[in-house]
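Participant: Build me a model:
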Amino acid sequence: MINMNNVNTRNKSNKTMLVMVLFVCAMTNISQMPVIVNTGYTRYFSIPLWVGLAIICLFALKRIPYYHIKNLFFLVVAFAIYYFIARLFNNSYSNSQLPYPIFLAFFVLFVGYLASQFLIIDDIDTLLTVYVISSTLVCIDVFQTYVQGVDMGALTYAYASKNSVSQILLSSWIIILLRKFGKTRGFIKNTYYILFFALLTITLLGLKSRATIIGMPVTIIWVLMQGKMDRKVKHIIILIVIATITFLIIKPQYYDILVNNIILGNRSVSSLDELSSGRYSQWGNFGEEFKNNWLFGQGSAARESLVLTALLEFGVVGGSLIFAMALSPLWWCLRKFNRYNPLYLFFSSLAIVYITNGVFEQLAPFGPGVKCYLLWFLFGIFLNNRMNWSIYKKQ
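Facilitator: Numbering: from 1, shown residues only. Next up is the predicted model:
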């Protein structure tokens, strides 16, 4: 078994495990390329890799330290028991789309927990770099295939699978903003990150996934709210905000595109339901629907919000378990992370953005599919390595 008391030691088995982790993460991102998504085999492309990585980790470890994961394990088991019992009394629960991404997210967390036994602190930034590089391929493919030349005035979306790929692209956007800008040496590397950051921004706006786009200002607001933070990051964010405002003032036609075509989605402001893609009526009808089955839920009742879906389908009892799991990365980060830790700002921002997405999307921050895997994989790694965080350098 790898000795975690000496986390700065690198041996051959560590290198092999790191390569496998990087490969699985890269291929998971690549699985979101349109050419693969259009085949309908995305799940079969990435899931076997995660299962294989889990099996390798289990065979490589002599002992699994369950202590740091036991509370989350209890939550998932409690929800699984609740779900299967509910199915016995109401077959409608079997049509719910929530359980699968929840179990998948916990599985990815568990794989991260196992893999962290073989990783050192510096591997986190290596992982984030590979995440960005692999998502570059996805971004370029999506941009060339669906965004370039798209009619921004159209009501239809450029890419049907925009929600899945947008979350991965937004994660890369956050990585570059908080972990690469001001921390990367070399003209070529910095130029790459600047150009890709611009391409990510354009692609995210072009996809018009408003539930994901809102994560960009949420990240900036959260970062600026932090009393203690890297001055370079703060200055870069302020510069980006000023440059954006200046550009919109100089080019008012782009203001119209941003507000009317993207934020409002070319919808009439006179109809809140149309403006919110039906979400307004779903929230408005929630009280009437919820009161009849408030304790245990009614089974399958998909809505465009994790909050509504969890409460309608599983009631207060099951919904509370779902909310506890959804909030666990942020709750743990705020309680356990050293605020001066260089990764605190990044991970807390990632968690907040994913959770915010859950207010407007049915399956976030768990899914759909593998789109949210980065949050849960990192959460698993951090859970198992928290006793070693004193070695992080303060920035």
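
Participant: Who are the packing partners of the helix or strand in which residue 320 is found?
Facilitator: Residue 320 is part of helix 306-336, with elements assigned from DSSP states H and E. Contacts defined by 3 or more CB pairs under 8 Å, 6 or more residues apart in numbering; DSSP states H and E place helix 306-336 against helix 70-89, helix 99-115, helix 279-290, helix 344-360, helix 373-385. Where you see a C-beta, it was placed from the backbone N, CA and C, and this is true even at glycine.

Participant: List the buried residues in the shortest one.
Facilitator: For helix 279-290, the buried set under the neighbour-count rule, 16 or more other CB atoms under 10 Å, comprises 279, 282-283, 286, 289-290.

Participant: Lowest-confidence one in those residues?
Facilitator: Lowest pLDDT of those: residue 283, 72.

Participant: wait, what's in contact with it?
Facilitator: By CB atoms under 8 Å, 6 or more residues apart in numbering, the contact list for residue 283 reads 305, 308.

Participant: If we use 7 Å, what do you get?
Facilitator: Listed by CB atoms under 7 Å, 6 or more residues apart in numbering, the contact set of residue 283 reads residue 308.

Participant: State the distance from it to residue 14.
Facilitator: Computed as CB to CB, to the nearest Å, the residue 283 to residue 14 distance reads 49 Å.

Participant: and stretch 289-297, how far apart are its ends?
Facilitator: Using CA to CA, to the nearest Å, one end of stretch 289-297 lies 10 Å from the other.

Participant: Residues contacting that stretch, please?
Facilitator: Under CB under 7 Å, 6+ apart, the answer for stretch 289-297 is 86, 311-318.

Participant: what's the closest of those to residue 145?
Facilitator: For those, the closest approach to residue 145 (CB to CB) belongs to residue 313, at 34.9 Å.

Participant: what's the distance between the closest one and residue 72?
Facilitator: Distance check for residue 313 against residue 72: by CB to CB, it reads 21 Å.

Participant: And those two? Which one has more around it.
Facilitator: residue 313 (28 against 21; other CB atoms under 10 Å).

Participant: Could you pull up the residues touching that one?
Facilitator: For residue 313, the contacting residues are 96, 98, 297-301, by CB under 7 Å, 6+ apart.

Participant: same question, residue 215
Facilitator: Each residue near residue 215 by CB under 7 Å, 6+ apart is listed here: 170, 353, 356-357.

Participant: Export the helices and strands packed on helix 306-336 to TSV and append columns for distance to residue 46.
Facilitator: Formatted as TSV, the helices and strands packed on helix 306-336 follow (distance: least, CB to CB, whole Å):
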stretch	distance to residue 46
helix 70-89	21
helix 99-115	10
helix 279-290	29
helix 344-360	18
helix 373-385	8
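
Participant: out of those, which comes closest to residue 250?
Facilitator: That would be helix 344-360 among those, by CB to CB, at 29.1 Å.

Participant: what mean pLDDT does that closest one have?
Facilitator: Taken as a whole, helix 344-360 has a mean pLDDT of 93.

Participant: Show me what counts as buried in it.
Facilitator: Neighbour count says helix 344-360 has 344-358, 360 buried, by 16+ other CB under 10 Å.

Participant: Show me what counts as buried in stretch 45-52.
Facilitator: For stretch 45-52, by 16+ other CB under 10 Å, it's 45-47, 49-50.

Participant: Give me the contacts around it.
Facilitator: 24, 27-28, 31, 36, 108, 111, 370.

Participant: Make CSV from those residues and add distance to residue 174, pLDDT and secondary structure to it.
Facilitator: Converted to CSV, those look like this (distance: CB to CB, whole Å; pLDDT from 0 to 100; DSSP: H, G, I helix; E, B strand; the rest coil):
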residue, distance to residue 174, pLDDT, secondary structure
24, 21, 97, helix
27, 21, 95, helix
28, 17, 95, helix
31, 20, 91, coil
36, 24, 85, helix
108, 18, 96, helix
111, 22, 96, helix
370, 17, 80, coil
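
Participant: Filter the residues you listed down to the buried ones and hand me the ChimeraX line.
Facilitator: Here is the ChimeraX selection string for the buried members of those, based on 16+ other CB under 10 Å:
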select :24,28,31,36,108,111,370
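
Participant: Tell me where the stretch 51-200 of the chain has strands.
Facilitator: Per DSSP state E, counting those that start in this stretch, the stretch 51-200 of the chain carries no strands over any range.

Participant: Tell me, please, the helix or strand in this protein that averages the lowest pLDDT.
Facilitator: Across the helices and strands of the chain, mean confidence by mean pLDDT, DSSP states H and E is lowest for helix 272-275: a mean of 60.

Participant: just to revisit the earlier point, between the buried residues of helix 279-290, which is nearest residue 378?
Facilitator: residue 279 (29.3 Å).

Participant: My guess is residue 21 contacts residue 117. True?
Facilitator: No. Judged on CB atoms under 7 Å, residue 21 makes no contact with residue 117 at a distance of 11.4 Å.
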